[in-house]
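Participant: generate a structure from the sequence data that follows.
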Amino acid sequence: MSTPGKVAAVQILGKSHLRSGQPCQDYATGRRRGSVAAVALADGAGSRAHSEVGARASVLATLRFVLGDFEGMYAAIRSDPESVKGAISSKLRDVLAREASKLGQPIDQLASTLLFASVCAGRFVAGHLGDGAIVLDKREAPLSVLSHPDNGEYANSTFFTTDHGAAGRLRLYSGQMEAGGLALMSDGAAEALYHRETRLPAPAIRQLMDWHQRLERRKMEDVLAQNLGGAMCKSTDDLSLALICTS
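Facilitator: Residues are numbered from 1 along each chain as shown. Below you'll find the predicted structure:
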């Protein structure tokens, strides 16, 4: 059995929410199971009352899904991606409906974006709904953007897990990756790590990935928190960042 990849993820309370006393509406984490590693993050909709609950529930449900059958998901993305989109969206809607029922709230109050990636045996799968970005770092090649932000008619609008058309907006990816990794970021983190004008990733991502290759998870997450919460931070919004690499 191959060694699972390395994961690291953080979320940082934004300056605007710090001032207002609101909770962090981003959530990001990673898990490993057998030879498979996965990360996911979600950015809760700022206008929804319980989006932080939805973000956490969406991330944890997605990790359970992608860690459950990497081989099946990798094959299905290539042969029948619509079935995977439907399965993920249906699973998320069921989980969010249960959480909404506990709160006595309509499901749309738990809206969030969603980004995830998983690696196993020199291959990856990834998915993206909404804004934020996913950057691919193949060590022998320049950084590239695997998935760009998906905004609506206006720059500050996007698409969420609770939307009825969520399955149609979910983008799926798969490919080979013997060495390297992926960086997933919310729109807050993307203000520092993704150049909207050029649609290119910031070179700083390569440095973060280099550190990620060398450092154990707890230390790496400290590094991410220090950088996102310090000089790298260009946003007053919450910020989240998740890294996954082969090892």
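Participant: residues in contact with the closest residue to D237 other than its chain neighbours?
Facilitator: Of all residues not flanking D237 in the chain, G188 sits nearest, at 3.8 Å (C-beta to C-beta, 6 or more residues apart in numbering). All C-beta spots, glycine's among them, are computed from the backbone N, C-alpha and C. With contact set as C-beta atoms under 8 Å, 6 or more residues apart in numbering, G188 has these partners: 14, 26, 43, 235, 237-240.
Participant: tell me the buried residues within those residues.
Facilitator: Neighbour counting with 16 or more other C-beta atoms under 10 Å marks 14, 26, 43, 235, 237-240 as buried within those.
Participant: what strands flank whichever strand or helix holds S174, and is each parallel or antiparallel?
Facilitator: Using DSSP states H and E, S174 maps to strand 171-176. Take DSSP bridges as the rule and strand 171-176 pairs in its sheet with strand 123-129 (antiparallel).
Participant: ranges for the strands of this protein?
Facilitator: According to DSSP state E, the chain carries its strands in the segments 6-12, 26-33, 36-43, 114-120, 123-129, 133-138, 144-147, 171-176, 180-185, 194-195, 200-201, 239-245.
Participant: out of the ones you listed, which is closest to R56?
Facilitator: Closest to R56 of the strands of the chain, according to C-beta to C-beta: strand 26-33, at 4.4 Å.
Participant: show me what that closest one is packed against.
Facilitator: With contacts defined as 3 or more C-beta pairs under 8 Å, 6 or more residues apart in numbering; DSSP states H and E, the packing partners of strand 26-33 are strand 6-12, strand 36-43, helix 51-68, strand 239-245.
Participant: out of those, which comes closest to F124?
Facilitator: Ranking the helices and strands packed on strand 26-33 by their distance to F124 (criterion: C-beta to C-beta) puts strand 239-245 first, at 8.1 Å.
Participant: mind listing what's buried in that closest one?
Facilitator: For strand 239-245, burial by neighbour count (16+ other C-beta under 10 Å) applies to 239-245.
Participant: farthest-separated two in these?
Facilitator: Going by C-beta to C-beta, the pair spanning the buried residues of strand 239-245 furthest: L239 and C245, at 20.2 Å.
Participant: the lengthiest helix in the chain - contacts with which helices or strands?
Facilitator: When the chain is scanned for its longest helix (criterion: DSSP state H), the result is helix 81-103. Helix 81-103 sits against helix 51-68, helix 70-79, helix 166-169, strand 171-176, with contacts defined as 3+ C-beta pairs under 8 Å, 6+ apart.
Participant: deepest-packed of the ones you listed, please.
Facilitator: Mean neighbours per residue, mean count of other C-beta atoms under 10 Å, is largest over these for helix 51-68, with a mean of 23.
Participant: any idea of the mean pLDDT in that helix?
Facilitator: Regarding helix 51-68, the rounded mean pLDDT is 97.
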